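S.K.: attaching a predicted model along with its sequence, questions to come.
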Amino acid sequence: MAELRRVKQTSGLSFARLESRTHYSKASLERYVNGKLFPGRDAVEDIARACDADPGPLLEFWDDALKAAIAAREATPPLEIATDTEPPMPADESTHRPRGPLRNRRNLVLLAGLGMGIALSAVLAFPWSDRTTTPKPPTSGCRDYYADIHVYTTGKVCWKSATATVNGYVENPNSAGEATAQLCVSDHPGVCSQIIDLASAVPGKGTRYHRTVHLPAGHGVWVRACAKGLCTQWD
């Protein structure tokens, strides 16, 4: 965001000094300010306040940029799907194409080879329990998250060995129903031992949320957005 960079430059603060005034690392701040990564709404507000600037105009720019991104994504035309219709064969090539049993045999060989390739790929890709292990989450840290499905939730999650704190925002720009931000507590992504509703927003409204949850040993948290019976992947 160009306005975010302007605010940072006007403040005269270095990224190291800005890090000491916020909950974000120098690397994250540099990516936000220089437009390498779209910042969360809370990050924009925190950076503005750290620079002694009014966050209101920056948040308006952030809302407009997000709405434009969502509109552009929804306006993207679907990919063309090729049909399996075979083009007509030129008359002068008819004598060069296999016919009858020979052509059928060649097709069977090609199909068999394709089937073996698919089966081999599935074997190599399948996460066999005796070959791989679930990576253990780090004992502490922070990360940003963002998930949208016509509605969106964005924020920051910080965790320690026994707790996780989620601080974010869910907004429902134009959904026909209620939007919800949810938290997954689990020892493996996508398989939730507990799902917690963080906040809900009616159409045209947004809601902030702040939640601290207990984490059993080896567990982490993920966030998603839901609307009209559909949910994003856990982020």
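M.R.: Cool, got the structure.
S.K.: wait, isn't G220 in contact with D187?
M.R.: Yes - counting by Cβ atoms under 8 Å, G220 touches D187, with 7.3 Å between them. (C-beta placed from N, C-alpha, C; glycine too.)
S.K.: identify the residue nearest V223 in space, chain neighbours excluded?
M.R.: Distances taken as Cβ to Cβ, 6 or more residues apart in numbering put Y145 closest to V223, at 5.0 Å, once the chain neighbours are dropped.
S.K.: and the nearest residue to V151 once chain neighbours are set aside, how far from A48?
M.R.: Leaving out its chain neighbours, the residue that sits closest to V151 by Cβ to Cβ, 6+ apart is A179, at 3.6 Å. Distance of A179 to A48, given as Cβ to Cβ, to the nearest Å: 25 Å.
S.K.: now A43. Its backbone dihedrals?
M.R.: Backbone torsions for A43, taken as degrees, to the nearest 10, come to phi -60, psi -40.
S.K.: how confident was the prediction at it?
M.R.: Reported pLDDT at A43 in the predicted model: 82.
S.K.: neighbours of it, how many?
M.R.: 23 (other Cβ atoms under 10 Å).
S.K.: number of nearby residues for E3?
M.R.: Neighbours around E3, by other Cβ under 10 Å: 16.
S.K.: run me through the strand neighbours of the helix or strand where V185 lies, direction for each.
M.R.: Using DSSP states H and E, V185 sits within strand 179-186. Strand 179-186 sits in its sheet next to strand 194-201 (antiparallel), strand 220-227 (antiparallel), going by DSSP bridges.
S.K.: one step back: looking at A179 and A48 now, which is surrounded by more residues?
M.R.: A179 (27 against 21).
S.K.: show me where this structure has its strands.
M.R.: 141-149, 151-159, 163-172, 179-186, 194-201, 205-214, 220-227, 230-231 (DSSP state E).
S.K.: got CSV for these, with mean pLDDT and distance to E60 too?
M.R.: Converted to CSV, those look like this (pLDDT from 0 to 100; distance: least, Cβ to Cβ, whole Å):
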stretch, mean pLDDT, distance to E60
strand 141-149, 87, 19
strand 151-159, 88, 16
strand 163-172, 91, 13
strand 179-186, 90, 21
strand 194-201, 90, 18
strand 205-214, 90, 13
strand 220-227, 89, 22
strand 230-231, 86, 28
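S.K.: can I get the ones you listed in JSON lines with distance to G56?
M.R.: Below are the strands of the chain laid out as JSON lines (distance: least, Cβ to Cβ, whole Å):
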{"stretch": "strand 141-149", "distance to G56": "21"}
{"stretch": "strand 151-159", "distance to G56": "18"}
{"stretch": "strand 163-172", "distance to G56": "15"}
{"stretch": "strand 179-186", "distance to G56": "23"}
{"stretch": "strand 194-201", "distance to G56": "20"}
{"stretch": "strand 205-214", "distance to G56": "15"}
{"stretch": "strand 220-227", "distance to G56": "25"}
{"stretch": "strand 230-231", "distance to G56": "31"}
